[in-house]
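**Student:** fold the following, please.
(4 chains)
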Protein chains: 2
Amino acid sequence: METRARLEEAAVALTLRDGPEQVTIDAVSERAGVSPRTFFNYFDSKEDAILGIHDVELTDDFLAEHLARADGAETVESVTGLLFAIIGPAITDPALHESRVQIIKSNPQLLGRQVSQFTRMAGQIVDAITALLARDPRFSDLDPNNAQPTAELLLALCSGGLRAAVKEWIAAGSDSPAAELEQRAAALVRQTVERLT
Amino acid sequence: METRARLEEAAVALTLRDGPEQVTIDAVSERAGVSPRTFFNYFDSKEDAILGIHDVELTDDFLAEHLARADGAETVESVTGLLFAIIGPAITDPALHESRVQIIKSNPQLLGRQVSQFTRMAGQIVDAITALLARDPRFSDLDPNNAQPTAELLLALCSGGLRAAVKEWIAAGSDSPAAELEQRAAALVRQTVERLT
DNA sequence: TTGCGCAAATGCAAAATTGCAGGGATGCAA
DNA sequence: TTGCATCCCTGCAATTTTGCATTTGCGCAA
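**Tutor:** Modelled structure (predicted):
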């Protein structure tokens, strides 16, 4: 098994047994059969390993795949879709999924990590959204000065939607298919935006 | 001078001279005349000290003052106002203001700290927003299950607006009065929301 | 087989962060 | 004055995190 996968497995197993606070990097590393230093070659923090969070390489291919449908006025759906593509693997991976849901349910603070993950990649994501806006008829007339802040706002909005959706999903028992989170997030966003006008 | 103020002054001065990376807690503490351990009694991190970030006690009085005008449909304005009241002191304090702007301009990553600050206080803020929504005619019919996610979304949206406004303000030279950031943030939010409908 | 080159893994040291326990000043009540 | 509670500060140890230099293992070409 890959080193990364072994570290994730170890982090999840030990956290399930002892709780996030009690788990040490040393213990996780040892269980995974690597040195503690190696742990940090794969994850930025203990929490990242527990949740299976890792930075995604936002290649052109990746962006093209997830922003493809935004040839019209589907910007919100595209952005939530992109974000879900980034965090999805961590909660849809069947092997660790159930344990992770369990862990988050008793340790909701861990979800805060999603925020920092998006923050870390914010620059790239904002650029991608900026490009997206040019193709949305509702935004294509923005002058470049406003496009950047607008893209940041959209990122914040959609991140919030996705996080709220995940939170809700976990609280409700996470029995519905995880893939629906994407639609739920977009629906939450649309719902809220409509009420604001 | 208060210990907290001395620590802020020391952090800003040393950062201005050497850059954020080079500054050590030891150096800041020594310059402030306290032990390194005391530093962490006041701030959660080096960045927090540089930016003058500290958790605000969200008392009933504080909330009442900043949410007062939300007796009607001014939810966005109220929330951005509340958030600005939290971060405002750090950038409006005349003593350190100029230096901080300078520092952020060459180290934009520091603004990410705003996000974690709001994340830390998210629970309380979301509760306050939830109460606010009940008084906004556009939201008062929400069933309690949806009120919480909606409040989270609003927080994310307004935080994003404020952060974008601050970023823009710094980039533009931060010559306009800082108090206008509040309106600018709300305007950005309204602008974006309107285009989405 | 030998040697080269790369990526992964490691060791080490410095710095950041946190929990816990204690120490000293200050003010207030008996 | 004495005793007590409280707040601020401190010391110390364990853990986390990062930067830098080095080593190891493996495939691949000569």
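
**Student:** near DNA strand C, which residues of chain A? Just list them.
**Tutor:** Counting by CB under 7 Å from any atom of the strand, the positions of chain A adjacent to DNA strand C are A:3, A:33-35, A:37-38, A:41-42. C-beta coordinates here come from the backbone N, C-alpha and C atoms, glycine included.

**Student:** quick check: of those, which lies closest to B:A49?
**Tutor:** A:R37 (28.6 Å; CB to CB).

**Student:** give the helix, strand or coil label for that closest one.
**Tutor:** helix (DSSP: H, G, I helix; E, B strand; the rest coil).

**Student:** any idea how far it is from A:V76?
**Tutor:** Taken as CB to CB, to the nearest Å, the spacing of A:R37 relative to A:V76 amounts to 42 Å.

**Student:** of those two, which one has the most company?
**Tutor:** Applying other CB atoms under 10 Å in any protein chain shown to A:R37 and A:V76 shows that A:V76 carries more neighbours, namely 21 against 9.

**Student:** OK, contacts around the more buried one?
**Tutor:** A:154, A:157-158, A:186, A:189-190, B:196 (CB atoms under 8 Å, 6 or more residues apart in numbering or on different chains).

**Student:** now A:G112
**Tutor:** When contacts are counted by CB under 8 Å, 6+ apart, A:G112 is found next to B:119, B:122.

**Student:** how about 6 Å then?
**Tutor:** If you count contacts by CB atoms under 6 Å, 6 or more residues apart in numbering or on different chains, A:G112 has them with B:T119.

**Student:** tell me if the helix or strand hosting it is near DNA strand D.
**Tutor:** According to DSSP states H and E, A:G112 maps onto helix A:112-120. No. Contact of helix A:112-120 with DNA strand D is not found when judged by CB under 7 Å from any atom of the strand; the minimum separation is 10.2 Å.

**Student:** work out the gap between that helix and the centre of the chain.
**Tutor:** What separates the centre of helix A:112-120 from the centre of its chain is 8 Å, taken as CA atoms, centre = their mean, to the nearest Å.

**Student:** kindly report the same for stretch A:189-197.
**Tutor:** In terms of CA atoms, centre = their mean, the centre of stretch A:189-197 is found 22 Å from the chain centre.

**Student:** and the residue lying closest to A:V126 once chain neighbours are set aside, how many neighbours does it have?
**Tutor:** Once flanking residues are discounted, A:V126 sits nearest to A:A151: 4.8 Å by CB to CB, 6 or more residues apart in numbering or on different chains. When neighbours are defined as other CB under 10 Å, A:A151 has 26 of them.

**Student:** filter the contacts of A:V76 to the buried ones?
**Tutor:** Applying a neighbour-count criterion of 16 or more other CB atoms under 10 Å in any protein chain shown, the buried members of those are A:154, A:157-158, A:186, A:189, B:196.

**Student:** C-alpha coordinates for the worst-scoring helix or strand of chain A on mean pLDDT, PDB please?
**Tutor:** Counting by mean pLDDT, DSSP states H and E, chain A has its least confident helix or strand at helix A:60-67, which shows a mean of 82. Backbone C-alpha positions of helix A:60-67 (Å, rounded to 0.1, in the frame of the first residue of the first chain) are rendered in PDB as follows:
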ATOM      1  CA  ASP A  60      -5.700  22.600 -16.800                       C
ATOM      2  CA  ASP A  61      -7.200  19.200 -17.400                       C
ATOM      3  CA  PHE A  62      -8.700  19.100 -13.900                       C
ATOM      4  CA  LEU A  63     -10.200  22.600 -14.300                       C
ATOM      5  CA  ALA A  64     -11.500  21.900 -17.700                       C
ATOM      6  CA  GLU A  65     -13.300  18.800 -16.600                       C
ATOM      7  CA  HIS A  66     -15.000  20.500 -13.700                       C
ATOM      8  CA  LEU A  67     -15.800  23.800 -15.200                       C
END
